[in-house]
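1. requesting a structural model of the entry that follows:
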Amino acid sequence: MRPIIEFCASNMGHGTDKLMHKLEGNPDYDVIEYGCLNNCGECYLTPFAMVEGDIVAADTVTELEEKIDAKIKELEAWFNMDLD
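-> So this is what the prediction gives:
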């Protein structure tokens, strides 16, 4: 499984740009930046990203990274269950 992680350029003021660049360095992820992800309420309030189409939000960028990692592990578990 190669998860797609999407970031909103308008959300970079929360510091998500540094996290996005860090995740881009991982060859197991597809990281995409969009000008807008149409989640203005989320974008304005907190750091967030979308992982496989699901919003992942947090109070800090550090917490966002942890939540993204947890979401990917959850998705991998489901993906691996389907293969068994």
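2. return the set of buried residues in the worst-scoring helix or strand of the chain on mean pLDDT.
-> When the helices and strands of the chain are scored by mean pLDDT, DSSP states H and E, helix 40-45 comes last with a mean of 77. Within helix 40-45, the residues that count as buried by 16 or more other C-beta atoms under 10 Å are 42-43. C-beta: built from backbone N, CA, C; applies to glycine.
3. what mean pLDDT does the helix or strand that it is followed by have?
-> Using DSSP states H and E, the helix or strand that directly follows helix 40-45 along the chain is strand 48-51. Per-residue pLDDT over strand 48-51 has a mean of 95.
4. any buried residues in the next helix or strand after strand 48-51, and which?
-> Using DSSP H and E, the helix or strand that follows strand 48-51 towards the C-terminus is strand 54-57. Using 16+ other C-beta under 10 Å as the test for burial, strand 54-57 gives 56-57.
5. check which helices and strands strand 54-57 is in contact with.
-> helix 40-45, strand 48-51, helix 61-83 (3 or more C-beta pairs under 8 Å, 6 or more residues apart in numbering; DSSP states H and E).
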